[in-house]
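Q: Dropping the sequence and predicted coords here.
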Amino acid sequence: MDKEFLARSADLVAPDLLGYTLVRKIGGVEYRGLIVETEAYTADDPACHGYRRKTPRNQAIFGKPGSVYVYLIYGMYHCLNIVTDVEDVCSAVLIRALALDKIPAWVTLGKKEKPDRVAAGPGKLCRALQIDRQLDGIMLKPGAGLWLEPASDRLKPAEIYQTTRIGITQGAEIPWRWYIKEHPAVSKK
DNA sequence: GTCCGGATCACT
DNA sequence: GTGATCCGGACA
């Protein structure tokens, strides 16, 4: 895919990633998820993990555009970020929700859980697609374990809703969360 | 060295 | 509102 697309600041890339497809290949099977919700984190953003300095945990967020940053949160969930902007600048797009084309066999639906919501949330989508710290720092590559496919049709601005990010205290007022309006797989309205 | 709280989620 | 459960980073 176009290298320049991801070599921009995360707040520009995040809305553009809506409608893209994230592909995860496990055991020769490709699982496709339409990206329906994203958040942006940048170098001058206090909520960004790389805001203070580079550490072993967060070094991947300083990587090349098109690589990924995966971290453990609350001791039990992983979150997937697409690294953007140039190398050594911390900038990434958190993938918050996907609409999967099929439910992997290892996913067990909750009692009242709808199938179209098994990847509705950053922790849930990593669990559904077996994304963990083993993938931290890898490059997206078609045909490998994880990659992106461009949207077939560009979404109209009227189909996208922009609002504030979820679950943070620092920089909570910055409106850097985007989702596809009326989509059932969005994590929260 | 210790301890707090987090880019979460499911259940009450 | 709370518990599960880890660990980076501030020092409360």
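A: Nice, I can see it.

Q: Let's check: the centremost residue of chain A is which one?
A: residue A:95 (1.7 Å; CA atoms, centre = their mean).

Q: residues touching that one, list them.
A: Residues in contact with residue A:95, defined by CB atoms under 8 Å, 6 or more residues apart in numbering, are A:17, A:22, A:35, A:37-38, A:80-82, A:122, A:125. Placement of C-beta: from N, CA and C, glycine included.

Q: secondary structure class for residue A:111?
A: coil (DSSP: H, G, I helix; E, B strand; the rest coil).

Q: scratch that, residue A:80 is what I was asking about
A: strand.

Q: Help me confirm that it comes into contact with residue A:125.
A: Yes - between residue A:80 and residue A:125 there is a contact at 6.9 Å, judged by CB atoms under 8 Å.

Q: State the distance from residue A:173 to residue A:163.
A: 11 Å (CB to CB, to the nearest Å).

Q: Which of the two has more residues huddled nearby?
A: For residue A:173 versus residue A:163, neighbours defined as other CB atoms under 10 Å are more numerous around residue A:163 (13 against 7).

Q: Look up how far DNA strand B lies from that one.
A: Distance, residue A:163 to DNA strand B, by CB to the nearest atom of the strand, to the nearest Å: 14 Å.

Q: so what pLDDT did that residue get?
A: pLDDT, residue A:163: 95.

Q: The residue nearest to it when sequence neighbours are not counted: neighbouring residues, count only.
A: Computed as CB to CB, 6 or more residues apart in numbering, the closest residue to residue A:163 that is not its neighbour in sequence is residue A:177, at 5.3 Å. Using other CB under 10 Å, residue A:177 is surrounded by 22 other residues.

Q: Tell me if I'm right that residue A:177 and residue A:160 touch.
A: No - the pair residue A:177 / residue A:160 is not scored as a contact, 10.8 Å apart, by CB under 8 Å.
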